[in-house]
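Engineer: With the input below, show me the fold.
(chains A and B)
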Amino acid sequence: MDPLALVVIESTLKVGLVLGVIMTVVAYMEWVERRVSAWIQDRRGPNRVGPFGLLQPLADGIKFLFKEDILPPHVHRALYLLAPGIIFTTSLVTFSVIPFGPPIEIFGRQVRLQVADVDSGILIILAISSLGVYGIALAGWSSNNKYSLLGGLRSSAQLISYELAMGFSVVGVLMSAGSLRLSEIVDFQVRHGWNLLWQLPGFIVFMTAAFAETNRLPFDLPEAETELVAGYHTEYSGFRFLLFLMAEYANMITASGLAVTLFLGGYHVPGLHLLGLPPLASALVQVGAFCLKVAFILFVYVWVRWTLPRFRYDQLMNLGWKVLLPIALANILWVAFFVLRGWA
Amino acid sequence: MRLLTGLVLVVMAAAALRGLLPRRPGLTVLAAGIAALVLLGFYPQDLATSEFWAGAVGFVSILSALLIVMHPNPMVSVLFLILNLFCTALFFLMLQAQTLAVLQVIVYAGAIMVLFVFVIMLLNLRAEEGLRMSMGPQRWGAIGFGAAFAGLMFWALRHRHGAAYVEPKPFVEGFGTARDLGTLLFSDYVFATEAASVLLIAAMVGAVLLAKRRLE
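Structural biologist: All right, here's what the predicted structure looks like:
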């Protein structure tokens, strides 16, 4: 067969697989969030639709689809319609450079379990996620509503501030691995142990910034319901509102996947090679390990939501600029010392 | 090349039709879409040439550049500026400078333009209805220089030497990855890099100082 056609088929299959899995996880994250919240608050949570309430996401999706799509008369029409599209697209694209398993051989062909293994992988994630800000800012501005506008303003200031801390926390990982390529970062951790073990400050800064970048509690000021009704998506209803919701969960999945790849060894399972499994079985175990790690971080997201109260706006800025940024810089110096001595 | 010319003509015809039938935007989009699909059916092989993509991205970037200036709403202008910067990133990508392309998106489209959006939202700028330029010397000058520039472009295109189109290739073989860019920045161009960083720090300290003075 034509090699170009093979590449096209392989890429299409991988894109379809990743997209399908992410959309399913997004739907079930809604169920997990409500069940775990209920568990933490000693309630029962949704348990009526199907066994354990497992069909709840389906029912909710149908409800959103059949709701009236309201287009308020005072909005900027084109931008109001464009904003959910921008935020949803950018949230789905970013996962494409994250490796979720080791390279495997199918029909004598080396296949990477990663949609695109590009040279500047981590930069692409930062670039596309920084474009996601426009979705929120435009949704807030085009709604022509003061609550929405305040939500949009807060989010653009918040995302810019925490993007810096996030970028600096990643620099340590890049310096030790000597590459921007996410697959090489995982390879480095397979050889030298997980980055978490010696870059704990970097990991903590990264996770804090990731919470802020995904607008989750305790950083959900752009949609703080006690102050801003619903922030930037106050005017949205029906399926457009669902797009915002799905984008938030998709962003959480990508952020968790990135945290696992950068600090928790990606798909690496310590001591797996001692078992002597056949290559395909060992690859499957590693994909499973990646999913488990991501699931754990997603659980932490919900856990933190019911543990920490929301920050005040000045506290948010203080934390970002005066605490996280210096810690991240110190982490860079610490890693640089190791790299200079040739210990890493 | 015929596909590109056809698509450009379709877009221009659609714009004219939109002006003639302002009440029927759906009809214009439908007609333009059908025309574009017919063109694609006739010349599908053009899609595989880099000449087509360079031309298409160039057309979008010129169109967005015009709309930045011509659109009355500042927020929409900023969005077209972002689209324009994105086209520049695509040009870098076509020249196989992938790291530069990503950096272009991060720095310009992702960071600097967010500040533009932030300022427009903060000042709550609205569409400028009354601001129309009068027929002063500025306008006549613009028309005169524009015509002269168009004539110059036409003359240059008529009297070009050699091939009409050069296949894009990297400036130095193997250039484009982050490693090559870094090596170049910290070896051949180390003085320029360091000078730029000192300049940036000086500007930053100055900005903080100015902002601080106003508070007290």
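Engineer: Tell me the pLDDT of residue 33.
Structural biologist: As the question left the chain open, I've gone with chain A. According to the prediction, residue A:33 has pLDDT 88.
Engineer: Chain B, not that one
Structural biologist: You'll see residue B:33 listed with a pLDDT of 84.
Engineer: where's it, which helix or strand?
Structural biologist: helix B:25-42 (DSSP states H and E).
Engineer: buried ones in that helix?
Structural biologist: For helix B:25-42, the neighbour count (16 or more other C-beta atoms under 10 Å in any protein chain shown) marks B:28, B:31, B:32, B:35, B:36, B:39 as buried. C-beta here means a position set from N, CA and C on the backbone, and glycine is covered the same way.
Engineer: quick one, phi/psi of the nearest residue to residue A:149 once chain neighbours are set aside?
Structural biologist: Using C-beta to C-beta, 6 or more residues apart in numbering or on different chains and skipping the chain neighbours, the partner closest in space to residue A:149 is residue A:140 (5.4 Å). With angles defined as degrees, to the nearest 10, residue A:140 sits at phi -70, psi -40.
Engineer: counting contacts, what elements does the helix holding residue B:33 pack onto?
Structural biologist: helix B:2-20 (3 or more C-beta pairs under 8 Å, 6 or more residues apart in numbering or on different chains; DSSP states H and E).
Engineer: pLDDT averaged over the helix it packs on, what's the number?
Structural biologist: 78.
Engineer: hmm, it in reach of chain A?
Structural biologist: No: between helix B:2-20 and chain A, judged by C-beta under 8 Å from any C-beta of the partner chain, nothing touches; the nearest distance is 13.7 Å.
Engineer: Just give me how far that helix sits from the chain centre.
Structural biologist: 19 Å (C-alpha atoms, centre = their mean, to the nearest Å).
Engineer: Residue of chain B closest to chain A, please.
Structural biologist: residue B:110 (3.1 Å; C-beta to the nearest C-beta).
Engineer: For that residue, give its distance to residue B:117.
Structural biologist: Distance, residue B:110 to residue B:117, using C-beta to C-beta, to the nearest Å: 11 Å.
Engineer: More neighbours: those two, which one.
Structural biologist: residue B:110 (26 against 23; other C-beta atoms under 10 Å in any protein chain shown).
Engineer: For that one, list the residues it contacts.
Structural biologist: A:126, A:127, A:130, A:131, A:133 (C-beta atoms under 8 Å, 6 or more residues apart in numbering or on different chains).
Engineer: Could you export stretch A:241-259 as PDB, CA atoms only?
Structural biologist: Extracted in PDB, the C-alpha atoms of stretch A:241-259 (Å, rounded to 0.1, in the frame of the first residue of the first chain):
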ATOM      1  CA  PHE A 241     -23.900  26.400  27.500                       C
ATOM      2  CA  LEU A 242     -23.100  22.700  27.300                       C
ATOM      3  CA  LEU A 243     -20.200  23.600  25.000                       C
ATOM      4  CA  PHE A 244     -18.700  25.700  27.800                       C
ATOM      5  CA  LEU A 245     -19.200  22.900  30.300                       C
ATOM      6  CA  MET A 246     -17.600  20.300  28.000                       C
ATOM      7  CA  ALA A 247     -14.700  22.500  27.300                       C
ATOM      8  CA  GLU A 248     -14.000  22.900  31.000                       C
ATOM      9  CA  TYR A 249     -13.900  19.100  31.500                       C
ATOM     10  CA  ALA A 250     -11.800  18.600  28.300                       C
ATOM     11  CA  ASN A 251      -9.300  21.200  29.600                       C
ATOM     12  CA  MET A 252      -9.200  19.400  32.900                       C
ATOM     13  CA  ILE A 253      -8.400  16.100  31.100                       C
ATOM     14  CA  THR A 254      -5.600  17.700  29.100                       C
ATOM     15  CA  ALA A 255      -4.200  19.400  32.100                       C
ATOM     16  CA  SER A 256      -4.200  16.100  34.000                       C
ATOM     17  CA  GLY A 257      -2.600  14.300  31.100                       C
ATOM     18  CA  LEU A 258       0.100  17.000  30.800                       C
ATOM     19  CA  ALA A 259       0.800  16.800  34.600                       C
END
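Engineer: picking that back up, with distance to residue A:213 added, can I get the buried residues of helix B:25-42 in JSON lines?
Structural biologist: Below are the buried residues of helix B:25-42 laid out as JSON lines (distance: C-beta to C-beta, whole Å):
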{"residue": "B:28", "distance to residue A:213": "39"}
{"residue": "B:31", "distance to residue A:213": "43"}
{"residue": "B:32", "distance to residue A:213": "38"}
{"residue": "B:35", "distance to residue A:213": "42"}
{"residue": "B:36", "distance to residue A:213": "38"}
{"residue": "B:39", "distance to residue A:213": "42"}
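Engineer: any weak-confidence spans in the stretch 101-250 of chain A?
Structural biologist: By pLDDT under 70, the weakly predicted segments of the stretch 101-250 of chain A are A:222, A:224-226.
Engineer: one more time with 90
Structural biologist: For the stretch 101-250 of chain A, the stretches flagged by pLDDT under 90 are A:101-167, A:169, A:172-202, A:212-248.
Engineer: Next to chain B in this structure, residues from it, please.
Structural biologist: A:118-120, A:123-124, A:126-128, A:130-131, A:133-134, A:137-138, A:140-142, A:149, A:152-153, A:156-157, A:159-160, A:163, A:180.
Engineer: rerun that using 6 Å as the cut-off
Structural biologist: Within the stretch 101-250 of chain A, the positions lying close to chain B (C-beta under 6 Å from any C-beta of the partner chain) are A:119-120, A:123-124, A:126-127, A:130-131, A:133, A:137, A:141, A:153, A:156, A:160, A:180.
Engineer: Right, and chain B sits closest to which residue of the stretch 101-250 of chain A?
Structural biologist: For the stretch 101-250 of chain A, C-beta to the nearest C-beta, closest residue to chain B: residue A:130, 3.1 Å.
Engineer: and that residue, what does it touch?
Structural biologist: Residue A:130 is in contact with residue B:110, counting by C-beta atoms under 6 Å, 6 or more residues apart in numbering or on different chains.
Engineer: so which strand or helix has it?
Structural biologist: helix A:121-142.
Engineer: So for the host helix or strand of residue A:169, what gets flagged as buried?
Structural biologist: Using DSSP H and E, residue A:169 falls within helix A:146-177. Using 16+ other C-beta under 10 Å as the test for burial, helix A:146-177 gives A:147-177.
Engineer: ok, now stretch B:57-69?
Structural biologist: Buried residues in stretch B:57-69 (16+ other C-beta under 10 Å): B:57, B:60, B:61, B:63, B:64, B:67, B:68.
Engineer: which among the buried residues of helix B:25-42 gets closest to residue A:2?
Structural biologist: residue B:39 (26.3 Å; C-beta to C-beta).
Engineer: so the closest one makes contact with residue B:6?
Structural biologist: Yes: with contact defined as C-beta atoms under 6 Å, residue B:39 and residue B:6 form a contacting pair (4.4 Å).
Engineer: Taking the centroid of chain B, which residue is nearest it?
Structural biologist: The geometric centre of chain B, computed from its C-alpha atoms, lies nearest to residue B:84 (C-alpha atoms, centre = their mean), at 2.6 Å.
Engineer: mind listing what's buried in the helix or strand where it lies?
Structural biologist: Element membership for residue B:84, per DSSP H and E: helix B:74-94. By 16+ other C-beta under 10 Å, the buried positions in helix B:74-94 come out as B:74-93.
Engineer: Run through who's touching that helix.
Structural biologist: B:57, B:60-61, B:64-65, B:67-68, B:71, B:100-101, B:104-105, B:108-109, B:113, B:116-117, B:120, B:125, B:168.
Engineer: For it, what is the distance to the chain centroid?
Structural biologist: Distance, centroid of helix B:74-94 to centroid of chain: 5 Å (C-alpha atoms, centre = their mean).
Engineer: Now find how far off-centre the helix or strand harbouring residue B:193 is within its chain.
Structural biologist: Assigned by DSSP H and E, residue B:193 belongs to helix B:190-215. A distance of 28 Å separates the centroid of the chain from that of helix B:190-215, by C-alpha atoms, centre = their mean.
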